[in-house]
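*Asks:* predicted model and sequence below, questions to follow.
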Amino acid sequence: MEANHRPKLEDVAAAAGVSKTTVSRVLNHRGYLSEKTIAKVQKAMQELDYRPNIIARQLYKQRTDLVGMIFPTVDNPFFSQLEAEMERQLYRNGYKVLIGNSQNDPAKEENYLQQLLTHQVDGLIVGTQNRGLIGYQHANLPVVAIDQVVGKNIPVVSSDNYQGGLLATQRLLDDGCRHIIHTNGPLGLDTPTQKRREAYEHLMTKNNLPAITYHLDFNISTIDKERVFRRIFEEPPEVDGIFAANDTDASTIINLASEYGKRIPEDLKIVGYDGSNVTRLLLPGLTTIQQPIDEMADLAVQLLQARINGQNVKSVVLPVTIWNGKTA
């Protein structure tokens, strides 16, 4: 074969001694073929260094086998474990993944979304906080959200945020805390994670205790976040318990506590949220609400595949547990 001649389907067929239809069936995994025939075709493709025409195959199947994922950041152990598990599951099911980290910036998220639509992905899995982006309402685009409401009729996979809020707050109450602070995201954002705050407020009110939540914007810098957390130690009442929005925040608060002469858990008890593998490795002593991250990832992939195949799916809520550390 000439050096500049790119091998074609008919070249593979000739080398394998089969028809072009048989080669096509091997490439597309269609119909019954003997192992001997499949081996002959694959050997011919390898010897000829044959590369299938991807665009033609996509047109034939009307699928790209690409899935897009948009999440806030991989800096958060929860999202990094979630994305890694979903990518693993998608790859096992024959998909390639395009990932965008939006940093909770609506403009950046919109840009990523448009790029993914341009690549004609078969579907999207998103975990961002920005609602109302038109691309998510694309009539022919299957979308699944994780722990966030991104649009009407888009199924959500989440853990039981309300139960998690109850477990965290009750743990601090059982430990004797009476001045418990909760940290959370923006109050005006309607997401399933707000149920953690609602559960906290419910238990505090039930016990005739003040419910005080510090709301932090998702785009806040690390320096500004630390400035907000310092207020927890400087403003009355005298805090003795903290229910943190996530394990990363809990870690920051633990580091600040020593500056204010607070011993943990003697003077201050802390419960985090997420319970990722990285958190349990680096902060094994942190008491935290453990989300079933891998299960959430697997379920999101299953729901997306079902939507890609034209099936109707519903939102799913998974149970949470508490990881018993030493901070509460």
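*Replies:* Thanks, I have it.

*Asks:* helix or strand right after the helix or strand of the chain with the lowest mean pLDDT?
*Replies:* Least confident helix or strand of the chain, by mean pLDDT, DSSP states H and E, is helix 54-61 with a mean of 49. Next helix or strand after helix 54-61 toward the C-terminus (DSSP states H and E): strand 66-71.

*Asks:* list the helices and strands that following strand packs on?
*Replies:* When contacts are defined as 3 or more C-beta pairs under 8 Å, 6 or more residues apart in numbering; DSSP states H and E, strand 66-71 sits against helix 77-92, strand 96-101, helix 106-118, strand 123-126. The C-beta positions use only the backbone N, C-alpha and C, and glycine is treated the same way.

*Asks:* which one of those lies closest to P237?
*Replies:* Nearest of the helices and strands packed on strand 66-71 to P237, taken as C-beta to C-beta: helix 77-92 at 30.1 Å.

*Asks:* show me what that closest one is in contact with.
*Replies:* With contact meaning C-beta atoms under 8 Å, 6 or more residues apart in numbering, helix 77-92 is reached by 67, 69, 71-74, 96-97, 99, 125, 127, 146, 246-248, 274, 276-279, 291, 293-294, 296-298, 300-301.

*Asks:* the stretch 201-328 of the chain: helices as residue ranges?
*Replies:* Assigned by DSSP state H, counting those that start in this stretch, the stretch 201-328 of the chain shows helices spanning 222-234, 247-259, 277-282, 293-308.

*Asks:* point out the most buried one among those helices.
*Replies:* helix 293-308 (a mean of 20; mean count of other C-beta atoms under 10 Å).

*Asks:* list the contacts for the spatially closest residue to L66 that is not a sequence neighbour?
*Replies:* Take L66 and drop its neighbours on the chain: the residue closest to it by C-beta to C-beta, 6 or more residues apart in numbering is V121, 4.6 Å away. Counting by C-beta under 8 Å, 6+ apart, V121 makes contact with T64, L66, V67, G68, L98, L141.

*Asks:* any idea how far Q89 is from the second one?
*Replies:* Read that as L66. Distance of L66 to Q89, given as C-beta to C-beta, to the nearest Å: 15 Å.

*Asks:* neighbour count: the two, which is higher?
*Replies:* Q89 (20 against 17; other C-beta atoms under 10 Å).

*Asks:* quickly find the element holding the residue nearest to L66.
*Replies:* With DSSP H and E as the test, V121 turns up in no helix or strand.

*Asks:* ok, residues contacting stretch 303-317?
*Replies:* 63, 67, 93, 122-125, 142-144, 155-160, 299.

*Asks:* in this structure, what spans have low per-residue confidence?
*Replies:* 1-5, 29-30, 52-63, 103-109, 112, 115-119, 129-139 (pLDDT under 70).

*Asks:* got the domain boundaries for it?
*Replies:* Under automatic domain parsing, the residue ranges defining each domain of the chain are 9-61, 66-158+293-319, 161-291.

*Asks:* just to revisit the earlier point, to T327, which of the helices and strands packed on strand 66-71 lies closest?
*Replies:* helix 77-92 (16.6 Å).

*Asks:* check contacts around Q46.
*Replies:* Q46 neighbours (C-beta under 8 Å, 6+ apart): none.

*Asks:* all set now, cheers.
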